[in-house]
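> the following block contains a protein sequence and its predicted model.
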Amino acid sequence: MKGLASFVKEKRKLAGLTQEEFAERAGVALTVIRKIEQGKETLNLSSVNQVLLMFGSILAPVSTREIEMEAS
């Protein structure tokens, strides 16, 4: 499974956008995009979801029980 940083960076590049252009379109600060693409651990979930909405995705909590059930 791809990490968040790889996913966002790949999708941004496929869209032909610089980090600055992408941040503007997503409505977030450039630092948010940079932190996501660098894999920083201290991110605001609502900001991350604002970025991911550009790709029709969001992050949401998932219980370990749900993950175990899918693996079975």
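Thanks, I have the structure now. Residues are numbered from 1 along each chain as shown.
> count of neighbours near Ala15?
Ala15: 12 surrounding residues under other Cβ atoms under 10 Å. Yep, even glycine has a C-beta here, placed from its N, CA and C like the rest.
> gap between the closest residue to Leu45 other than its chain neighbours and Leu52?
Leaving out its chain neighbours, the residue that sits closest to Leu45 by Cβ to Cβ, 6 or more residues apart in numbering is Leu59, at 6.4 Å. Taking Cβ to Cβ, to the nearest Å as the criterion, Leu59 is separated from Leu52 by 6 Å.
> now Leu53. Nearest residue, chain neighbours left out?
Ala26 (7.7 Å).
> in this protein, which helix is the longest?
helix 4-14 (DSSP state H).
> what does that helix rub up against?
By Cβ atoms under 8 Å, 6 or more residues apart in numbering, the residues outside helix 4-14 that reach it are 2, 19, 22, 33, 36-39, 48, 51-52, 54-55, 59.
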